[in-house]
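> prediction below, plus the sequence it came from.
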Amino acid sequence: SSLTDGRMRGAGVSRQSVRLAVAAALTCAGTSTFTPHGTLPFRSDSPCALVHNTAFHSVDSYRTVTEASVSGCCMACQNDTSCAAFTLNGRDCHLKLTVPPNSSWLHSAGITSGIVRPIPVSPTSPPPPAPPGALNVLLVISDDLRPTLGCYSQPAQTPYLDAFAMSPGTTTFVNAYVQVAWCSPSRNSFLTGRRPDRTRIWTTPGTAPGLGFRAAPGGQSWVTLPGYFKAHGYTVTAGGKIFHPDEPSNNDPRSWTEPQEWQYSYGGYADCQHVALNRSGTEWCAVADSETAVDTKTVDVMSARLQRMAASGGRDGSRPFFMATGLLKPHLPYAYPSHYDGLYSDDPTSYPLPTDSGRRMPTGAPRIAWYDYLLSLTGCSGEGCAPVERPPAVNTTCRVANATPPQCGAGNVTDIFPRAQLALLARAYAAAISHVDFEIGRLLRALEVEGVANNTIVLVVGDHGQNLGEHNLFSKMTLYETSLRAPMILRVPCGPHGCNPPRNEGQVVEFLDIYPTLAALALHSLPPPPDLDGRDLSPLVRNSSQDHRHAASAPAPVRLDREPEPPSPNESAAFSQITRCWKSYENALGPCSVEFGLKSATEFDFMGMSVRVAGWRYTEWRVWNGTALAPDWSAPLVASELYAHSVDDGSFVGFVNGESVNVASDPANAQTVEVLRDRLRLVFG
């Protein structure tokens with residue numbers, strides 16, 4: 001056997017060049033003989049053709065994984081749809097995008113290289129045409145976008161999104177929560193409709209770079225959100241950042257009918273004037289020329305593609321499309337074209353910020369809930385910043401419920417960031433959002449120009465929130481409201497009986513709900529795959545008489561004159577989680593990220609799990625069982641948190657100053673803790 005035509009084209013080699021190998025007399029069992037000509041056979045029971053004592057040195061590896069055996073390296077390459085060849089040197093398995101010319105193969109004692117044979121694909125008939133009345137779908141994902149939008153009664157100037165939220169048929173979900181406040185695990189979750197404990201992606205980068213959710217048990221057979229529309233006769237295309245880079249590789253090619261035209265890049269924001277949040281470099285900048293902005297280029301590309309898809313069946317419904325567009329901003333650095341400076345006052349203190357108490361850790365919160373973003377990047381800096389010492393004896397002192405020794409850091413964390421500089425960062429974040437707002441406006445205008453606005457569902461989301469000094473936190477990767485809450489704005493075209501007026505939906509929903517909801521709204525008579533974890537929200541979208549819906553011109557508050565009642569065991573809830581690992585060289589706790597010495601999932605130290613209902617947020621921190629890849633429920637509870645949301649009025653002030661007092665230990669809340677703890681155990685146990 002040899003490589004299929006498709007993989008050979010991707011690898012840039014011909015069928016003949018693969019057959020003309022330099023390993024005469026080699027079999028898959030191998031020999032140390034090296035000759036400059038001959039054939040390279042596959043053994044019938046192996047997916048790879050091996051060349052022993054040979055290195056493919058002339059082609060750079062795009063990814064290196066740790067594998068103890070040739071067979072393991074071979075399987076790693078075969079399971080990665082981008083991999084064409086590999087070289088195993090010791091335990092370093094170097095994966096290659098292309099098969100190098102045989103003239104460049106290098107004799108290297110003790111090193112084994114190989115060419116992968118693709119997994120056989122059974123012949124399949126083309127997908128059936130989309131059912132009559134199927135609607136187009138435009139999905140827009142903005143990176144690190146929290147609901148600091150005008151349509152959420154918050155301070156960023158977003159006229160295009162505000163107008164979108166006020167258009168007929170639009171539902172703004174004001175209490176929508178992600179599963180993980182981190183790019184890759186969040187996207188792998190809502191684009192597959194499965195919780196992170198199923199995708200096995202808890203961190204960025206994940207524990208299976210190149211494979212993403214495809215490495216999870218059963219992941220090879222999962223149908224993603226775009227893949228579902230592909231299977232039902234849609235043209236399915238993407239541009240920008242959709243899945244996280246390399247998780248899975250190349251945006252999971254099997255999910256699309258067309259390749260991704262524009263690969264996103266963190267570059268394209270040159271010539272910045274900046275304020276450094278830390279010693280590592282730029283954290284915000286104004287760009288002189290908007291044409292250099294990555295998101296501008298992405299929208300240019302996708303607008304052109306939209307024009308083509310509208311003309312080839314999207315306009316008349318004969319071949320509907322699913323188009324995903326990923327915008328990089330307002331991800332750090334908070335970069336934006338300089339003309340957006342004019343939208344915001346030059347006085348850095350004019351931007352609304354959390355109160356002094358809102359900028360501190362919640363009273364009674366455990367230190368494990370907090371991490372030092374500055375420390376994770378550059379080492380401890382700023383007044384009052386001190387590393388957290390690792391407790392002795394396998395962290396037993398921190399396993400006690402509500403422990404308060406210094407090693408666990410219960411209580412407030414010193415304000416380490418000057419208020420005036422924080423205002424500059426918050427202002428820049430708002431300007432970056434205004435930049436994104438304009439680009440989304442261009443996409444929405446393109447729908448109108450191409451005549452497809454009236455048969456296209458539009459969903460605009462962020463992939464998670466962002467901390468801007470609340471609780472003295474920056475970036476994301478926490479279990480607080482500012483990390484986990486993200487925009488979710490959905491417009492459904494008017495039907496033959498008209499459409500609902502624009503509404504705010506106050507019910508708590510999850511990003512897992514995106515997949516089944518879009519499937520139900522766009523493909524009315526076809527059910528989504530049965531093994532999804534989310535729920536179909538289309539009844540909420542179609543029914544405008546619910547008590548929890550509010551006019552879109554006002555926030556949808558959860559406001560009571562007293563403490564909220566204990567939650568019902570069955571009320572709507574959102575479940576989220578985040579890892580914590582010890583940073584060995586600083587003796588500090590933080591997310592299990594590269595900065596904290598990224599570990600495999602078997603080596604995580606702790607897992608935080610949180611449930612949000614209408615009046616409460618409850619969080620537990622548990623020791624992680626690396627063998628079971630699950631919380632160790634038999635170990636003592638590390639810490640718990642309970643926050644009342646009775647006075648969150650939906651305003652900016654309520655959003656950034658909420659969750660200020662941990663009331664988990666208050667006996668009056670014992671029933672609430674019991675109900676929410678049972679719900680956590682049901683989902684994460």
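Received, thanks.
> what residue ranges in the stretch 201-350 of the chain score low on pLDDT?
Counting by pLDDT under 70, the stretch 201-350 of the chain shows low-confidence ranges at 205-210, 261-283, 288-292, 348-349.
> helices of that one, start to end?
Assigned by DSSP state H, counting those that start in this stretch, the helices in the stretch 201-350 of the chain fall at 225-231, 294-309.
> in JSON lines: these, plus distance to residue 684 and mean neighbour count.
To be clear about C-beta, it is placed using only N, CA and C from the backbone, and glycine gets the same treatment. Putting the helices of the stretch 201-350 of the chain into JSON lines (distance: least, CB to CB, whole Å; neighbours: other CB atoms under 10 Å) gives the following:
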{"stretch": "helix 225-231", "distance to residue 684": "23", "mean neighbour count": "23"}
{"stretch": "helix 294-309", "distance to residue 684": "36", "mean neighbour count": "21"}
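> dump those helices to JSON lines, plus distance to residue 337.
Shown next, in JSON lines, are these (distance: least, CB to CB, whole Å):
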{"stretch": "helix 225-231", "distance to residue 337": "30"}
{"stretch": "helix 294-309", "distance to residue 337": "8"}
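> for residue 503, which of these is the nearest?
helix 225-231 (24.0 Å; CB to CB).
> counting by contacts, list what the closest one packs against.
Applying 3 or more CB pairs under 8 Å, 6 or more residues apart in numbering; DSSP states H and E, one finds that helix 225-231 contacts strand 235-240, strand 321-327, helix 514-522.
> what's the closest of those to residue 143?
When the helices and strands packed on helix 225-231 are compared by CB to CB, strand 321-327 sits nearest residue 143, at 6.6 Å.
> could you give the angle of the closest one to helix 514-522?
Following axes from the mean of the first three to the mean of the last three CA atoms, to 10 degrees, one obtains 140 degrees for the angle between strand 321-327 and helix 514-522.
> name the residues that touch strand 321-327?
136-143, 226, 229-230, 234-242, 264, 295, 298-299, 302, 305-306, 309-310, 313-314, 436, 439-440, 443, 522 (CB atoms under 8 Å, 6 or more residues apart in numbering).
> closest to residue 479 out of the helices of the stretch 201-350 of the chain?
When the helices of the stretch 201-350 of the chain are ranked by proximity to residue 479 (CB to CB), helix 225-231 comes first, at 25.1 Å.
> report the beta-bridge partners for the closest residue to residue 173 other than its chain neighbours.
Closest residue to residue 173 apart from its sequence neighbours, by CB to CB, 6 or more residues apart in numbering: residue 488 at 4.1 Å. Counting by DSSP bridges, residue 488 is bridged to residue 461.
> how many neighbouring residues does residue 488 have?
Burial measure for residue 488: 26 neighbouring residues, criterion other CB atoms under 10 Å.
> so where's the stretch 451-600 of the chain uncertain?
By pLDDT under 70, the low-scoring segments of the stretch 451-600 of the chain are 544-563, 583-588, 594-599.
> hey, where'd the strands end up in it?
456-462, 467-468, 474-475, 488-491, 503-505, 509-510, 549-551, 558-559, 574-583, 588-590 (DSSP state E, counting those that start in this stretch).
> now these as TSV including distance to residue 62?
Listed next are the strands of the stretch 451-600 of the chain as TSV, based on distance: least, CB to CB, whole Å:
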stretch	distance to residue 62
strand 456-462	29
strand 467-468	32
strand 474-475	27
strand 488-491	34
strand 503-505	43
strand 509-510	34
strand 549-551	48
strand 558-559	47
strand 574-583	26
strand 588-590	28
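> so which of those strands gets nearest residue 362?
strand 467-468 (13.2 Å).
> now for the closest one, which elements pack on it?
Checking 3+ CB pairs under 8 Å, 6+ apart, strand 467-468 ends up next to helix 419-449, strand 474-475, helix 481-484.
> that one pairs with which strands, and in what direction?
strand 474-475 (antiparallel).
> so where is the stretch 51-200 of the chain shaky, pLDDT-wise?
Judged against pLDDT under 70, the low-scoring parts of the stretch 51-200 of the chain cover residues 58, 103, 117-125.
> helices of that one, start to end?
Counting by DSSP H, counting those that start in this stretch, the segments of the stretch 51-200 of the chain that form helices are 70-79, 159-165, 183-190, 196-199.
> tell me which of those helices sits nearest to residue 634.
Per CB to CB, nearest to residue 634 of the helices of the stretch 51-200 of the chain: helix 196-199, 17.7 Å.
> tell me the gap between the closest one and the middle of its chain.
Computed by CA atoms, centre = their mean, to the nearest Å, the chain-centroid distance of helix 196-199 equals 13 Å.
> now for it, which elements pack on it?
helix 183-190.
> what's the angle between the helix it packs on and strand 321-327?
Using the same axes, to 10 degrees: helix 183-190 against strand 321-327 is 160 degrees.
> who touches helix 183-190?
Helix 183-190 is contacted by residues 141, 143-144, 178-180, 195-196, 199, 201-206, 212-213, 225, 242-244, 247, 463-464, 511-512, 514-515, 534 when judged by CB under 8 Å, 6+ apart.
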